[in-house]
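Visitor: Please find the sequence and the predicted model below.
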Amino acid sequence: MKLRGSNQYKRKGINKKTKAIAILIVSIIVIALGISAFKSINNWYNTYYFEFKAPINVKFNQPIAVKIRVPKVEKIVLEYPDEIDTDIEKYIVEKFGVWDAKTALAIAKAESGFREDAININTNNTIDVGIFQINSVHFKKPGCSIKDLVDQYKNVDCAYTIYKDQGFTPWVAFLNEAYLSNL
């Protein structure tokens, strides 16, 4: 006869280290499946939405319908500034676009009064040429040579190249806000 306190009646169980490893593996699998499921659910919600309807009406409807989202597209129509009188002003608007045309026109008017023959010699021995008063530090850029800048359309092209690289900050009329009086 065996006694109750003997080793034969003790259960053989899994040791603590094996339990910890099993819990860790199961946790990793659950987390991986959870991330994958979350991404799938998120993608589904980006494409579809629930539309709830009254379950009983004069006619029977589906209480829930899954529908595809249709993005809402709005068109923005911009108009030319009102004071466009000359061909060069129209060219500046076309070049800079309607968003920045008013600022570009105001800068050109403040810098040279739209004079293509405008030349200024600065105190640092650089020169400014043409409608946008392009400074000689920009003469090495393509389309910005002194020969190009005396042509009013090429002067605008060079100004646009500078604007795309640096914004309106190279123009003194912009920095000292002299252009504001021409808006």
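Guide: Yep, that arrived.
Visitor: buried set for the strand or helix carrying Glu89?
Guide: Using DSSP states H and E, Glu89 sits in helix 87-112. Residues 88-89, 92-93, 95-96, 100-112 are the ones in helix 87-112 that count as buried (16 or more other C-beta atoms under 10 Å). No exception for glycine: its C-beta is placed from N, CA and C like everyone else's.
Visitor: before we move on, what about stretch 19-31?
Guide: Buried residues in stretch 19-31, counting neighbours by 16+ other C-beta under 10 Å, are absent.
Visitor: So for it, mean pLDDT?
Guide: Averaged across stretch 19-31, pLDDT comes to 84.
Visitor: what's the offset of stretch 110-121 from the middle of its chain?
Guide: Relative to the centre of its chain, stretch 110-121 is centred 35 Å away, using C-alpha atoms, centre = their mean, to the nearest Å.
Visitor: ok, and what's touching it?
Guide: 86, 88-89, 108, 127-133, 150-152, 155, 171-173, 178-179, 181-182 (C-beta atoms under 8 Å, 6 or more residues apart in numbering).
Visitor: Turn the buried ones among those residues into a named PyMOL selection, would you?
Guide: Remark: buried members of the contacts of stretch 110-121, expressed as a PyMOL selection using 16+ other C-beta under 10 Å:
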select buried, resi 88+89+108+127+128+129+130+131+132+133+152+155+171+172+173+178+179+182
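Visitor: Cross the contacts of stretch 110-121 against strands and list the overlap.
Guide: Cross-referencing the contacts of stretch 110-121 against strands under DSSP state E gives 127-129.
Visitor: Please parse this protein into its domains.
Guide: Structural domains annotated on the chain: 14-68, 87-182, as defined by automatic domain parsing.
Visitor: circling back: need the ones in strands among the contacts of stretch 110-121 in a markdown table (columns: pLDDT).
Guide: Shown next, in a markdown table, are the ones in strands among the contacts of stretch 110-121 (pLDDT from 0 to 100):
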| residue | pLDDT |
| --- | --- |
| Ile127 | 92 |
| Asp128 | 93 |
| Val129 | 92 |
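Visitor: before we move on, back to that, which stretch in the domains of the chain is the model least sure about?
Guide: domain 14-68 (a mean of 77).
Visitor: residues in contact with the spatially closest residue to Pro55 that is not a sequence neighbour?
Guide: Sequence neighbours aside, Pro63 is the residue nearest to Pro55 in space, at 4.3 Å (criterion: C-beta to C-beta, 6 or more residues apart in numbering). By C-beta under 8 Å, 6+ apart, the contact set of Pro63 is 52-55.
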